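*Asks:* task: produce atomic coordinates for the following.
(chains A and B)
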Amino acid sequence: GDSVTQTEGLVTLTEGLPVMLNCTYQTIYSNPFLFWYVQHLNESPRLLLKSFTDNKRTEHQGFHATLHKSSSSFHLQKSSAQLSDSALYYCALTNSGTYQRFGTGTKLQVVP
Amino acid sequence: NAGVIQTPRHKVTGKGQEATLWCEPISGHSAVFWYRQTIVQGLEFLTYFRNQAPIDDSGMPKERFSAQMPNQSHSTLKIQSTQPQDSAVYLCASSLDDGGAQGYAEQFFGPGTRLTVL
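*Replies:* Predicted structure coming up:
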């Protein structure tokens, strides 16, 4: 079945450094939809980015990700981390006719 | 649009008691999902409904958990004989579709119910 693998555990970055959270997926379908959700402390997950177009960069709120079907990846990036980016990030996968599969989540901690 | 509504926000039960959690999805959304979230396990899928019909409950612990969606405006998750390991935040989410023809099945999450089993 479909599955998503993310950078495990906690990623700690100094403010101002670039962010990269890894997400790879497995699916037998050729047209997957990939999502990144962000969950701040004491809040619920909300959509950050989504894409289904191969090799097209998607951006929102300073974050960007590019779906690469050749490597089954959808890494989340940001050029300069801010303290407010500290949160839990989930990568998710869906295919037409199925529900979303979420990865285990990556906790990003940005420190001064 | 009030978003997904979940009640209660917090629930404390004694071991062995029953807990019923409520979810009101966003009006017009055809898919409703239940998740359990803990620090250790992260976001765990429990079950989901499409147009009120149960589609997949593969994540549900079989013996004590059950979910229903009696109408399009609410769903319930019932846990019988609660155990301390059931303590978690239970999240309900809804989406416009569940990934069918459109594919962009963005899920909108409710605020969650924090269940504490003593």
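
*Asks:* could you use CA atoms for every contact and neighbour count after this?
*Replies:* Will do.

*Asks:* got any ranges where chain B has weak pLDDT?
*Replies:* Applying pLDDT under 70 to chain B flags the ranges B:1, B:98-104.

*Asks:* repeat the analysis, applying 90 as the threshold.
*Replies:* Applying pLDDT under 90 to chain B flags residues B:1-2, B:30, B:39-43, B:45, B:48, B:50, B:55-59, B:62-63, B:95-107.

*Asks:* for chain B, just list every one of the strands.
*Replies:* B:5-7, B:10-13, B:19-24, B:31-38, B:42-50, B:53-56, B:65-71, B:74-79, B:88-95, B:108-109, B:113-117 (DSSP state E).

*Asks:* buried ones in stretch A:28-38?
*Replies:* A:Pro32, A:Phe33, A:Leu34, A:Phe35, A:Trp36, A:Tyr37, A:Val38 (16 or more other C-alpha atoms under 10 Å in any protein chain shown).

*Asks:* how near is the first one to A:Thr5?
*Replies:* Separation of A:Pro32 from A:Thr5 (C-alpha to C-alpha, to the nearest Å): 15 Å.

*Asks:* show me what B:Ala67 is bridged to.
*Replies:* Beta-bridge partners recorded for B:Ala67 (DSSP bridges): B:Leu77.

*Asks:* how many residues are close by it?
*Replies:* 21 (other C-alpha atoms under 10 Å in any protein chain shown).

*Asks:* who's in contact with it?
*Replies:* Going by C-alpha atoms under 8 Å, 6 or more residues apart in numbering or on different chains, B:Ala67 touches B:Thr47, B:Ser75, B:Thr76, B:Leu77, B:Lys78.

*Asks:* what is the neighbour count of the first one?
*Replies:* To tie it back to what came earlier, the one meant is B:Thr47. B:Thr47 has 22 nearby residues by other C-alpha under 10 Å.

*Asks:* contacts only, for it.
*Replies:* Shown in contact with B:Thr47 (C-alpha under 8 Å, 6+ apart): B:Phe33, B:Trp34, B:Tyr35, B:Pro54, B:Ile55, B:Asp56, B:Asp57, B:Ser58, B:Gly59, B:Met60, B:Ala67.

*Asks:* in TSV, list the buried residues of stretch A:28-38 along with distance to chain B.
*Replies:* Below are those laid out as TSV (distance: C-alpha to the nearest C-alpha, whole Å):
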residue	distance to chain B
A:Pro32	9
A:Phe33	7
A:Leu34	9
A:Phe35	8
A:Trp36	10
A:Tyr37	9
A:Val38	11
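
*Asks:* give me the subset of those lying in strands.
*Replies:* Among the buried residues of stretch A:28-38, the members falling in strands (DSSP E) are A:Phe33, A:Leu34, A:Phe35, A:Trp36, A:Tyr37, A:Val38.

*Asks:* how much space between A:Leu48 and chain B?
*Replies:* 10 Å (C-alpha to the nearest C-alpha, to the nearest Å).

*Asks:* doesn't that residue fall inside a strand?
*Replies:* Yes. Judged by DSSP: H, G, I helix; E, B strand; the rest coil, A:Leu48 forms part of a strand.

*Asks:* just want the most central residue of chain B.
*Replies:* With distances taken as C-alpha atoms, centre = their mean, B:Trp34 lies nearest the centre of chain B, 2.7 Å away.
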